[in-house]
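Visitor: Turn this into a model:
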Amino acid sequence: MAKQPTRRQSPDATEFFTRRAPLRAASFDPETGAFSAVIATETPVARRDPVEGEYLEILSLKPSAVRLDRLKSGAAPVLDSHRAGSMKDQIGNVTAARIEAGQLIAEARLSARDDVKPIATDLTAGTPPNVSLGYRCYASSESRDAKGRLVITRTDWEPFEMSFVPIPADPTTHIRSQQKGTTMPTSNTNNTETDGETITRTMSDAQVHEAYEITSRNGLPMDFARQHINAGVTMDAYRGLVLDRLAADASRISINSRSDSTFDNPDFLARSIEGALFARMTGTRPEGAAAELMGRTMLDMGALLLQQRGEKPNWNNRERLAAQIFTRGGDLSTSDFPNLLLSTGNRVLNQAYVVAKSPLLSLAKRRDAVDFRTLYSIKLSEAPRLAEVKEGGEVKHGARSESVESFKLKTYARIFALTRQAVINDDLGAFADSSAAFGRGAAQTEAELLVSLLTANSGNGANLADGSPLYGTGANRGNKAATGAAIGVDTLGAARQALREMKDIDGITPINATPRHLVVGPSLETTAEQFLHTISAVDSTKVNPFAGALTLHVDPRLTDNSWRLFADPAEVATILVAYLNGADGPMVETRLGWDVLGVEVRAVLDFGCGVNDWRGSYLNPGA
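Guide: Numbering: from 1, shown residues only. As a prediction, this is how the structure comes out:
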């Protein structure tokens with residue numbers, strides 16, 4: 001039965017696995033540079049992971065398993081030994097691809113550049129280089145063969161380049177001969193059998209482990225070790241190869257190398273890891289280079305960051321490696337991986353927060369606070385009308401009335417933890433769920449505070465500075481219907497008239513507030529939608545004057561049949577909301593866990609809201 005993908009099921013797409021396999025004559029056309037190559041078969045390939053051990057890998061060639069769009073579109077390059085550091089490394093491109101008789105066949109064309117001519121000469125002479133394939137893996141399944149060995153089948157994978165290499169991973173890949181269908185893969189001399197294929201290996205298991213340690217310590221890719229170990233080099237020879245590689249890499253370093261879009265650039269690596277973490281936490285498709293890290297565990301990605309800053313990952317003890325990843329000299333703030341987790345958690349939290357935000361926020365006027373002191377809203381009346389000044393007369397002073405409302409910001413927070421066990425077990429689910437839950441919780445907190453402003457005092461709203469509730473009938477407020485009624489032309493007309501006739505705080509000047517928003521609970525949603533829908537009417541008395549004039553907002557916390565009209569907050573703001581220092585929504589902070597072994601994550605919301613002016617809203621208790 002297929003299992004969920006694990007780290008060994010989804011290898012890093014930047015790693016290429018190779019082994020010895022002499023190949024047959026080529027189908028190369030020297031005039032056009034075109035040739036045909038078998039770039040993949042379903043032959044099991046032996047792999048060894050420094051943590052998980054040995055297993056067999058099969059690339060499924062079912063049409064549903066292979067994503068061929070890149071090859072068919074001509075976007076896939078032909079590279080020299082999987083190098084992609086400069087344009088010189090591309091020596092051609094794939095022009096077409098198809099699956100035929102259990103083989104993935106690519107049609108390609110070689111570049112006519114002078115530096116590529118030696119390869120063309122080899123192809124013409126019938127001594128072609130070997131073929132290897134670069135691919136990304138998205139889904140896999142596990143099984144056991146007749147000998148009990150683990151077999152991982154890639155059931156969803158994407159080839160994205162082919163390379164000419166001295167040692168390919170699959171011995172059945174080759175440049176096709178002139179007579180299609182007549183080529184046969186050649187076998188090689190082996191030490192270890194793997195279902196018809198073998199690996200020439202001279203190192204003991206202990207030496208293999210040492211070779212991987214040397215590779216990791218020097219910051220070299222794991223495929224460098226695999227290539228030479230499987231090719232049969234001795235331990236002494238491998239040490240020499242490592243020194244040669246380091247010397248060659250040092251000679252290629254340039255001032256601009258850190259700006260390249262490669263994992264050698266720490267900023268690019270960090271962005272890619274954050275993208276992979278976000279895709280895993282949200283179940284979305286990764287973008288760009290993040291896709292190449294989807295098969296990595298949290299420990300793997302943390303180890304990459306360690307190598308990037310010149311440290312050796314401690315793979316001998318996973319708990320120590322987890323501690324190494326999360327702290328740098330005991331300091332969480334200077335360690336890269338926790339900061340990436342924090343940034344990713346913030347993205348997940350705010351994504352959930354935005355989705356769950358209360359519709360009442362769109363009716364409020366926004367303010368920013370610099371501290372937690374009381375915020376005041378001072379409203380001045382309109383200036384008095386200009387008075388006629390007779391010849392030689394005196395210009396008289398005019399007085400303006402004022403009104404003051406106030407509210408404070410408060411802090412709302414919770415703590416959850418990403419435990420050491422979760423990191424070691426590669427369990428991002430709890431962290432993702434907690435981040436999303438805290439985002440939704442912050443939105444719920446805001447929504448409940450906003451709704452309470454409308455529903456306090458038995459539905460009449462919160463008190464203003466004059467001691468009276470937001471809504472009232474008669475001369476006191478005049479913004480509440482004396483008798484509740486359903487939504488209709490007459491009742492909405494009365495509400496609109498009441499807003500239009502509102503007077504400024506001087507009690508004289510008309511405000512002429514224009515209703516823009518209709519707020520209801522779920523029980524009235526369908527009725528409100530039907531009423532606000534535009535209907536062509538033959539009889540003018542049947543025309544709905546409110547169709548298209550109001551925006552509907554539904555809040556599930558309004559549980560009765562009441563409904564409310566609001567003016568545009570830019571015109572008359574009924575509600576004010578404020579955040580600390582302009583930080584919309586909740587923020588996430590981290591520290592090393594003390595009560596728990598891991599990292600404690602704290603979600604904090606600094607938010608306040610209050611009633612500003614009763615003249616911009618009207619309440620009908622409903623029927």
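
Visitor: Isn't Ala290 up against Arg280?
Guide: No - in terms of C-beta atoms under 8 Å, Ala290 does not count as a neighbour of Arg280; the distance is 9.6 Å. Every C-beta, even on glycine, is put in place using the N, C-alpha and C of the backbone.

Visitor: Show me how far stretch 360-373 is from its chain's centre.
Guide: In terms of C-alpha atoms, centre = their mean, to the nearest Å, the gap separating the centre of stretch 360-373 from the centre of its chain is 28 Å.

Visitor: Tell me which residues are up against that stretch.
Guide: Contact partners of stretch 360-373, identified using C-beta atoms under 8 Å, 6 or more residues apart in numbering, comprise 375, 408-411, 446-447, 450-451, 454, 517, 519, 553, 555, 566, 569-570, 573-582, 606, 608-609, 612.

Visitor: again with stretch 206-216
Guide: 48, 50, 201, 203, 221-222, 224-225, 228-229, 235, 238-239, 242, 303, 307, 312-313, 315.

Visitor: hmm, back to that, restrict the contacts of stretch 360-373 to the buried ones and give me that as a PyMOL selection.
Guide: Only the buried entries of these go into this PyMOL selection, using 16 or more other C-beta atoms under 10 Å:
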select buried, resi 375+409+446+447+450+451+454+517+519+553+555+566+569+573+574+575+576+577+578+579+580+606+608+609+612
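
Visitor: So which of the contacts of stretch 360-373 are in strands?
Guide: Cross-referencing the contacts of stretch 360-373 against strands under DSSP state E gives 375, 410-411, 517, 519, 553, 566, 575-580, 606, 608-609.

Visitor: What is the burial count for the nearest residue to Ala96 once chain neighbours are set aside?
Guide: The spatial neighbour of Ala96 that comes closest, neighbours along the chain excluded (C-beta to C-beta, 6 or more residues apart in numbering), is Glu107 at 4.2 Å. Neighbour count for Glu107, taken as other C-beta atoms under 10 Å: 17.

Visitor: hey, what's Glu107 bridged with?
Guide: Glu107 has these beta-bridge partners by DSSP bridges: Ser36, Ala96.

Visitor: Just confirm it contacts Gly92, I think it does.
Guide: No - with contact taken as C-beta under 8 Å, Glu107 and Gly92 are classed as non-touching, separated by 11.0 Å.

Visitor: What residues of stretch 121-137 count as buried?
Guide: Buried positions in stretch 121-137, judged by neighbour count with 16+ other C-beta under 10 Å: Asp122, Leu123, Pro128, Pro129, Asn130, Val131, Ser132, Leu133, Gly134, Tyr135, Arg136, Cys137.

Visitor: Restricted to helices, list those.
Guide: Where those overlap with helices, as defined by DSSP state H, the overlap consists of Asp122, Leu123.

Visitor: Nearest to Thr262 among the buried residues of stretch 121-137?
Guide: Taking C-beta to C-beta as the measure, Thr262 lies nearest Gly134 of those, at 14.4 Å.

Visitor: what pairs with the closest one across the strands?
Guide: Following DSSP bridges, Gly134 is listed with bridge partners Glu161.

Visitor: how close does it get to Phe607?
Guide: When distance is defined by C-beta to C-beta, to the nearest Å, Gly134 is 49 Å away from Phe607.

Visitor: Kindly report the same for Gln90.
Guide: Applying C-beta to C-beta, the value for Gln90 to Phe607 is 54 Å.

Visitor: what's the answer for Asn314, then?
Guide: Asn314 sits at a distance of 43 Å from Phe607 (criterion: C-beta to C-beta).

Visitor: Pull the residues that contact stretch 340-349.
Guide: Stretch 340-349 is touched from outside by 270, 273-274, 277-278, 281-282, 305, 418, 431-432, 435-436, 438-439, 442, 586-590, 599, 601, 603, with contacts defined as C-beta under 8 Å, 6+ apart.

Visitor: got the end-to-end distance for stretch 325-340?
Guide: End-to-end distance of stretch 325-340 (C-alpha to C-alpha, to the nearest Å): 11 Å.
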